[in-house]
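Enquirer: I need the structure of the sequence given here:
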Amino acid sequence: MPRAGWVKPRDDQRLTDHVALGVLTYTFPPELVDAVIKQAGRESQRNRLLPARLVVYYVLAMALFSSAGYEEVMRSLVEGLSWASGWTTSWAVPTKGAIFRARTKLGPEPLELLFEQACKPMARPGAPGAFYRGWRLMSIDGTTLDVADTPENEAEFGRPGTGRGAGVGAFPQLRLVGVAECGTHAVVGAAMGPCSTGETTLARGLLRSLSDGMLLLADRNFYSSKLWAEAAATGADLLWRTKSNHVLPVDRRLADGSYLSHLHEVVNYKRRPTDVVVRVVEYGLEGPGRPEAEGTTYRLLTTVLDPAAAPAGELAALYPERWELEMMLDELKTHQRGPRLVLRSKTPEGVRQEAWGHLCTHYALRALVTKAAADRDLDPDRVSFTRTAHAARRGVRAGLGTATQALALALTEAFAEICRELLPERRLRAAPRVVKRKMSNYNLKRPEHKAWPRPERRPADAVRVLGYEASTA
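Expert: Numbering: from 1, shown residues only. Okay, the predicted model is just below:
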């Protein structure tokens, strides 16, 4: 029996004209997909078994069903529609070779354009964890993705180094750097390249994602005077951690314990002062449950020079929000892609296409989480990403198609499902920087790390701004 909202197809229509991505079609409607295909110049010139729109949805479905084979992913896309809709035209699932050729013909450009045009900041004003005093909180960080071990991928992306030497890693790796909205985990800018390319180099390619009204958080490995200047020129404000050996003279001490300083640039291995003024916040963390923080001085640089606009203590407590991007990477690499899974594409163009597909699919899942939480006045952190991914997979297999009424009904059901059982409020946590695997740059996890103490104070209560006492004396 056809589902509610289904419209009997005309004789000149094909089943593939109605294939979509279940409830994720809410983020990537067919009209947008067709527009980016046309913009990329990848329109189908004749009636094909695998038209360009279907291939785009197929690449997104590959990210959603990352552990399934090529043909099984295609069945997940079309079988529910062909059976549930009452479609009478037979449609044979293409072979793996046909799917591979269709992906090659499409290329990565439509997926990249789809990401650039659809993936924008989505938090509403006042959303929990998304804003600080009117600034939209953003974070930047990078990661690597293992790719298929082929000569082409190795030549393009290279292999990472290990303790046994350079370039001897098990798989070639793609390096990915992204800018994400802290409150929603929505990635709104990304750049990718070989694993030998540094994160700061790739970061310059995504600064166009920044704008006025944003506050960008970054860890100490991103700082360079050139990247700082380029990021500040976008109009966004910056809050970056810097290394302990960074020379920052005290030009003027401020009432909240922070101080004004100026940056230097390195030219021919010599430091030269610039006229770029920054505000420096130095602080420590107190209280039990943070053994690694004892005796550690943290230093933050910011473009917000007025302490009344952003007091030093608040900025220090705000910096841990940077870890929201780390949680986003866990969602993408562990719960969406699958732990330790390798991107399946055998060619560099296919790898990039697949990586953009993963980013687009993650954004669509976070859009469902954000919409469901906003409609129910919830913190998005309370909505399970894994539960949302399961609901999205079932929506694809159900064959919702492109019918607007069916999609609206399915969205209502999906929102109710993913909010039926909420995650508990986050507790304070700390973890040693160790791993179980021996082949890593981090220390090996040992028995004393298993009973690691938990913090008893929130960051806002644990912060101790250094220099505050001197400034008020």
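Enquirer: which residues in this protein form strands?
Expert: Under the criterion DSSP state E, the chain contains strands at 131-132, 135-146, 173-181, 186-194, 214-218, 237-242, 252-253, 259-267, 270-285, 298-302, 434-435, 443-444, 463-465.
Enquirer: could the ones you listed be laid out in CSV, adding mean neighbour count?
Expert: (C-beta placed from N, C-alpha, C; glycine too.) Shown next, in CSV, are the strands of the chain (neighbours: other CB atoms under 10 Å):
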stretch, mean neighbour count
strand 131-132, 18
strand 135-146, 22
strand 173-181, 25
strand 186-194, 22
strand 214-218, 25
strand 237-242, 23
strand 252-253, 12
strand 259-267, 16
strand 270-285, 17
strand 298-302, 20
strand 434-435, 14
strand 443-444, 11
strand 463-465, 20
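Enquirer: Could you export the ones you listed as TSV, including distance to residue 348 and mean pLDDT?
Expert: Below are the strands of the chain laid out as TSV (distance: least, CB to CB, whole Å; pLDDT from 0 to 100):
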stretch	distance to residue 348	mean pLDDT
strand 131-132	39	96
strand 135-146	13	96
strand 173-181	9	97
strand 186-194	9	97
strand 214-218	28	98
strand 237-242	32	97
strand 252-253	51	96
strand 259-267	33	88
strand 270-285	38	89
strand 298-302	36	96
strand 434-435	29	72
strand 443-444	34	74
strand 463-465	45	84
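Enquirer: Of all these, which one is nearest residue 352?
Expert: strand 186-194 (6.6 Å; CB to CB).
Enquirer: which strands and helices sit next to that closest one?
Expert: Under the contact definition 3 or more CB pairs under 8 Å, 6 or more residues apart in numbering; DSSP states H and E, strand 186-194 sits against helix 151-157, strand 173-181, helix 199-203, helix 348-375.
Enquirer: Just say which of those is most tucked in.
Expert: strand 173-181 (a mean of 25; mean count of other CB atoms under 10 Å).
Enquirer: what packs against that one?
Expert: Secondary-structure packing of strand 173-181 (3+ CB pairs under 8 Å, 6+ apart): strand 135-146, helix 151-157, strand 186-194, helix 199-203, helix 323-330, helix 348-375.
Enquirer: hmm, who's touching the shortest one?
Expert: Read it as helix 199-203. 140-142, 175-177, 191-193, 221-222, 224, 227 (CB atoms under 8 Å, 6 or more residues apart in numbering).
Enquirer: which regions of the stretch 251-400 of the chain sit below the pLDDT cut-off?
Expert: Where the stretch 251-400 of the chain drops to pLDDT under 70, the residues are 292-293.
Enquirer: follow-up on the earlier one: would you list the helices and strands packed on strand 173-181 in JSON lines and tack on distance to residue 61?
Expert: Listed next are the helices and strands packed on strand 173-181 as JSON lines, based on distance: least, CB to CB, whole Å:
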{"stretch": "strand 135-146", "distance to residue 61": "18"}
{"stretch": "helix 151-157", "distance to residue 61": "22"}
{"stretch": "strand 186-194", "distance to residue 61": "19"}
{"stretch": "helix 199-203", "distance to residue 61": "27"}
{"stretch": "helix 323-330", "distance to residue 61": "21"}
{"stretch": "helix 348-375", "distance to residue 61": "8"}
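Enquirer: Between these, which one is closest to residue 95.
Expert: For those, the distance to residue 95 is smallest for helix 348-375, at 16.7 Å, taking CB to CB.
Enquirer: tell me the angle of that closest one relative to strand 186-194?
Expert: Angular relation of helix 348-375 and strand 186-194 on a 0 to 180 degree scale: 160 degrees, by axes from the mean of the first three to the mean of the last three CA atoms, to 10 degrees.
Enquirer: what about residue 184, distance to residue 176?
Expert: Distance of residue 184 to residue 176, given as CB to CB, to the nearest Å: 19 Å.
Enquirer: Just send the helices and strands packed on strand 186-194 back as CSV, with distance to residue 281 too.
Expert: Converted to CSV, those look like this (distance: least, CB to CB, whole Å):
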stretch, distance to residue 281
helix 151-157, 38
strand 173-181, 22
helix 199-203, 22
helix 348-375, 30
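Enquirer: out of those, nearest to residue 134?
Expert: Between the helices and strands packed on strand 186-194, strand 173-181 lies closest to residue 134; by CB to CB that is 14.9 Å.
Enquirer: quick one: which of the helices and strands packed on strand 173-181 is nearest residue 94?
Expert: Residue 94 lies closest to helix 348-375 among these, at 16.3 Å (CB to CB).
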